[in-house]
Structure formats: structure tokens, C-alpha cells
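*Asks:* how would this look folded up:
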Amino acid sequence: MLPKNLISLLWNFVIFITFFINQSFGSADLIKQDLSLSRSNEPKNILATSIIGGSHLPQMLEILKILKDRGYNITLVAPGNFTARSTNYHSIPQVIFNNEYYDRNSHEFDHAFLDNDFFKIFPVLTNAMIQSYVPFYNIYKQVNDEINADLFFCDILINPACFDLAWKLGKPAVGISSDLSELTSSPYKSNPVFGCHANMENESFYDRFKCAIINPLIKVLVLRGPLKDLNAERASVDIDPHWDFSGRISNRLMLSNNFYGFEIPSSDSPLHQNIGPVIPDNFPDLTPVLDSFLNDHPRTIYFTLGTNAVISPQNVIIILNSFLKLIDQKVIDGVIWSTLRTDTSKSLQLANSNSQIISILNNEYPHIHISKFSPQLAILSHVNTKLFLTHGGTGSCHESMYTATPMLVLPILGDQPRNAELLESAGIALSISKANLQVDDIVLKVKRLLNEESFKKNAERVQFLAKMNSKRKYRAADLIEIVMNTAKCQGVKDENGGFKVDNENLLSDWITPDTRMGFIKGKYLDVYGAAVIIFLVLFGGFTYTLWKIIYFYITFRKENRDSQKSLNLNKKRN
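*Replies:* Numbers count the residues shown, from 1 in each chain. Take a look at the predicted model:
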């Protein structure tokens, strides 16, 4: 038996020899991977466009800022002086225009949205798209003539001119949206705007049939007239007619500011990429007034409806009364209300003699602080912000998930009803209806969100997903670079030194074969149909043969019994 000290000495000697061999011989076989990229010969100019502007811009600008840091020249065309006023994006030049066709402050828009009627909202949006098509097409063309864009980066919403111009010029285009559910091939995804649920997994056959078959047919019929008008506008600027309101977006890379864990899982085309949530690396800090208010109110609700949504003055009064009741019951002790587009003067006229409501609307009530604009992410990040009453816009949802803040959602329009359903499915929110707002319902749901442990746990679970996926904005920039490099390699040089491409085939390696095979071959319906026919023939043949065998056997047995009986009768007679 060897002494323990000797065994330990021998073991240390073996470890030393192993380490010496690895250092002397092993490392000589390893070469460090070179991940550096030369961008000196890459296309450089990117033209980004948005007709809506406002809250649609940050998701684009975060990606554009990364590309600018990589040496690309960026130009943004959008309404409102957005980048100059921003601390994050002031380095990105913006061509500013006044969008008189999509005026979010107009009575026409407000009445359509307040009526909560899609068939009133839809004509307003389609008319805005049709009337704005030629002016925006000309703006984009004029800017492109000046910068000679190598790639168009288009906000998808009511912006067909961006894709059409890129198609005509032979330039690649990449789209971005907070929601690509309209483009997905998954039939179980739908839209609450059309009376369906976001996820049709557990719905009845009738509802699934209505949402998958009937509603799309109605949509086609409703769009026939507006699409004809839009194609007339296209013809006026020498653009061929097209079947899609959104422009020529098929076979283009489409980025979705979304992520699984919030979005409904599906097997989408490689051309449709989830790159969200897009969250800024830096954001404005709290003002001294807001910081002081939050520090003095450990149980604060943050309330805002974003840059597009509006509610009636009556609903404003209902929400304020619910806040007062929650404060009286000591459920919360403070509210920060960022009014943005809300006109408090109209609610003030309805307040009558209610001194507390009048005090709130005049920003004199000590426990409710009103400001026109607020640093939302900073407020949500504060430990004393316990709940977010929101319209359910994608940016607000992402920031709330990023900070693990439970939500009470008041969806108004667009993607907000769908987001509200997805948030409830994730277990981090409850919804209230603008068509049936009630103080007691708001109070009850706020209590549930603050007191039930499941909401807190689910918020923490989704927060982890949001933080991990927030890195994918760099992936979005990578994808745009890949498209530009592909255009350089596959394109033909034009007279300006740029590259013209065939957009239908530019990303052919990304296009799934089923889109080229047609519906029947692409879904393998011919193969499955043949398999069913073969099975039925074989099954029919087997069944027929088995029936013939059984029939023969039964007939044989019967004849046998009959002959036996006849034989027995003859014996008896004899």
C-alpha cells in the first residue's frame, strides 16, 4: 500500500505532465477564428421611410443607429421633427414633411376611433393611403435622386410607395412592423379587429371557418374599390398595378419587432424574421419632479395611451374616478398620467362640481401627477411603479415586459386588441373595454394584478425573455447588411454606379420552395391525395377480397349444410 503523500505527489506529477503536453503540442493546432468584415466595398446609402412617424420610428432608428456605427449613410424621411428632438437619434439626418393626409389630430380620425367601429376606421385609413400615395412617392423619389439609395428600409404601415419605388428602381427593400400576423401562413393566427381571437387554437369549428375563410373573402370584397383607386394612383406615376395594398412586399425581407413568448409560435418563412423587442440602450432619465413623486409614492400606477390612441372625455372621468377609489382604499398611493394626445379640457367640462376630478385635471391633486410627455422607460424601471395602464401599443408592451411591470390594457385600435389578448395569454396583464368602462371593473382588476402572485411570476419570466431577445436588433442590422451584400453580388451596375436587382429573385435562397411550387404541389396535396387514393384502392380491394372469401365460405357452409340435410332426409326415407 503506497503512502497517501506519495499518491498525491504522483497525481500532481501526472497533472503537470498533461498540462505541459497540452501547452507544447495542443495549442500549435489551434488558430483563432477571424470574424472581422471588410465593408469598404459594400453599398453605403440607406433610405428609411415612414408615413406614420411617431412611435413607429424608434424600432427603425435603433437598427439604423447600429448601421450608422458600422459606416453606412442613413437618411430618414418621416413626419415631425423626430430625430433632432431625440437624445438617441439626433445624429441621423431626417427629411421632414407635414402629413396632411394622415392627421392624427383631425376630428375625422378621432370620431372614427372613438366610435370603436372598424368599418368607420378602415375607410379613413385607406383614404389616407390612397391620397398620400403620389405625394409620398414623389418625396421618396426626390430624396433618392439626391442620395442614390442602395437600400430602402420601409415602415410597412400604409406605406406602399416605399416598396413600389424600390421595385421600379431595382433596389432592395426591407420592411419592418410590430406585427406580421397578416403575412403569416399560420391559419390559427387571426386578428380581434375582425371579430376573431389572436389565437384560434381553442375556438369552435364555426369560428375557425369564419375567421379563416369568410373574413378573408369579405376583406377582399371590401378592398376591391380602394385597391382599384390605389392602382389608379400607381398608374399616374408609371407604376404597374398590384394586388397588395402594402406594395410589393412578397419575396422581401420583413422584420417583425416581436418575439416568441409574447407572439404566437409559428413556422414562418425565413423572409419573416422576429427581431424584437427593440429596446433603446439609453433612455431619458426621470425629471426631478417625477423622481420626487415616485420616491414619495411607493405604490404608483403609470397611465398613458401613446401617441395615436384617444378615448372619450367620459371614459377619462371613469378612469380618474377609479384612481380615486383605489387611493381611498389604499390599494395605490399615486398615479403618473402622461396625457400626450388626451384633451383634458373636454373632460373638465364634464366634471361639473366634482372638486376632486377638477383638482386632478388642473394638476392640483397631490397624489396624481399630470405631464404631457414623460420618460416612459425610466418610469417603468422605477421600483415604485407597480402597474402600467396602457393602450397596448407594441413599444409600450415591450418596455413593460422588459421592466417586469404588470399591465392593465385598454386597447383602442390597430394591433392593440391583438396585443391585449397576447398579454393576457402570457399571464402578465388584464384587459378593460373602452366600450364598457366601469369603475368597479377597473378597481377589481387592479387589485388582482397587484395582489395575485401569478402576475408577478409571469412578468419576471417574460422579462428574462425580453432582455435576452432585445439583443436581436443587432441581428436585424446583420440581416439588412446581408441583403445589401446580396444585391451587390447579384445586381447589375447602373449608370450611377449603384446596383439594380431583380427583387422577385434577389433572396431566392431565402424563399421557401412551396411558394414556387404552387398551392397543390407546395402543400404536397398531390402526393397526399395520391396516397389517400392508393390507400382507398388497397383498402377497397382488400375489403372486396375479404368479402368474397367470407361470402364463399358462408355459401360453401350453407351448401354443405343443405346437402347434409338432404342426405339425412334421404336416409330417413329409406
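
*Asks:* Check the burial of the closest residue to Lys500 other than its chain neighbours by counting its neighbours.
*Replies:* Counting by Cβ to Cβ, 6 or more residues apart in numbering, Lys500 lies nearest to Gly170, which is 3.3 Å off, once chain neighbours are set aside. No exception for glycine: its C-beta is placed from N, CA and C like everyone else's. Number of residues near Gly170 (other Cβ atoms under 10 Å) recorded here: 17.

*Asks:* Equivalent analysis for Val134, please.
*Replies:* 15.

*Asks:* residue contacts, it?
*Replies:* Neighbouring residues of Val134 by Cβ atoms under 8 Å, 6 or more residues apart in numbering: Ala161, Glu233, Ser236, Val237.

*Asks:* so how far is whichever helix or strand it is part of from its chain's centroid?
*Replies:* Element membership for Val134, per DSSP states H and E: helix 118-147. With Cα atoms, centre = their mean, to the nearest Å as the basis, helix 118-147 stands 22 Å off its chain's centre.

*Asks:* Show the subsequent helix or strand relative to that helix.
*Replies:* strand 151-155.

*Asks:* Can you give me the buried ones in that following strand?
*Replies:* Applying a neighbour-count criterion of 16 or more other Cβ atoms under 10 Å, the buried positions in strand 151-155 are Leu151, Phe152, Phe153, Cys154, Asp155.

*Asks:* by contact count, what packs against it?
*Replies:* Counting contacts by 3 or more Cβ pairs under 8 Å, 6 or more residues apart in numbering; DSSP states H and E, strand 151-155 is packed against strand 45-49, helix 57-69, helix 160-169, strand 173-177, helix 472-490.

*Asks:* Which of these sits closest to His242?
*Replies:* Comparison of those against His242 by Cβ to Cβ identifies helix 160-169 as nearest, at 7.4 Å.

*Asks:* Grab the nearest non-local neighbour of the residue positioned nearest the centre of the chain.
*Replies:* By Cα atoms, centre = their mean, the chain has its centre lying nearest to Asp179, at 2.8 Å. Among residues not flanking Asp179 along the chain, Asp415 sits closest, at 4.5 Å (Cβ to Cβ, 6+ apart).

*Asks:* what do you get for Ser267?
*Replies:* Ser186 is the one closest to Ser267 (Cβ to Cβ, 6+ apart), at 7.6 Å.

*Asks:* Who are the contact partners of the one you found?
*Replies:* Counting by Cβ under 8 Å, 6+ apart, Ser186 has contacts Ile264, Ser266, Ser267, Asp268.

*Asks:* Would you tell me which one of those comes nearest to Arg70?
*Replies:* Asp268 (26.7 Å).

*Asks:* sec struct for the closest one, please.
*Replies:* coil (DSSP: H, G, I helix; E, B strand; the rest coil).

*Asks:* looking at it, it is touching Ser181, isn't it?
*Replies:* No. Asp268 lies out of contact with Ser181 (Cβ atoms under 8 Å); the separation is 10.1 Å.

*Asks:* burial measure for Leu230, as a count.
*Replies:* By other Cβ under 10 Å, neighbour count at Leu230 equals 21.

*Asks:* Let me see the mean pLDDT of the helix or strand hosting Ala235.
*Replies:* Assigned by DSSP H and E, Ala235 belongs to helix 215-236. Per-residue pLDDT values across helix 215-236 average out to 89.

*Asks:* next one: it to chain centre, how far?
*Replies:* 24 Å.

*Asks:* Quick one: list the elements packing against the helix or strand just after that helix.
*Replies:* Counting by DSSP H and E, the element after helix 215-236 in chain order, helix or strand, is strand 253-256. If you count contacts as 3+ Cβ pairs under 8 Å, 6+ apart, strand 253-256 packs onto strand 173-177, strand 272-274, helix 472-490.

*Asks:* Contacts only, for Pro277.
*Replies:* Contacts of Pro277 by Cβ under 8 Å, 6+ apart are Asn257, Asn258, Phe259, Phe262, His398, Met401, Tyr402, Ala466, Asn469, Ser470.

*Asks:* Which residue is the nearest non-sequential neighbour of it?
*Replies:* Nearest to Pro277 is His398, by Cβ to Cβ, 6+ apart, at 3.5 Å.

*Asks:* Low-confidence regions, the stretch 51-200 of the chain specifically.
*Replies:* 99-121 (pLDDT under 70).

*Asks:* domains in the chain, as residue ranges please.
*Replies:* 45-278+473-512, 288-466, 517-552 (automatic domain parsing).

*Asks:* Straight-line length of the longest one, end to end?
*Replies:* Between the opening and closing residues of domain 45-278+473-512 lies a distance of 29 Å (Cα to Cα, to the nearest Å).

*Asks:* next one: it to chain centre, how far?
*Replies:* That offset, for domain 45-278+473-512, works out to 12 Å (Cα atoms, centre = their mean).

*Asks:* Please apply the same query to the last one.
*Replies:* For domain 517-552, the gap between its own C-alpha mean and the chain's C-alpha mean amounts to 43 Å (Cα atoms, centre = their mean).

*Asks:* Mind checking the pLDDT average for that domain?
*Replies:* Mean predicted lDDT for domain 517-552 stands at 89.

*Asks:* Phi first, then psi, for Gly393.
*Replies:* phi -60, psi 150 (degrees, to the nearest 10).

*Asks:* Which of the contacts of Ser186 lies at the shortest distance from His369?
*Replies:* Ile264 (37.0 Å).
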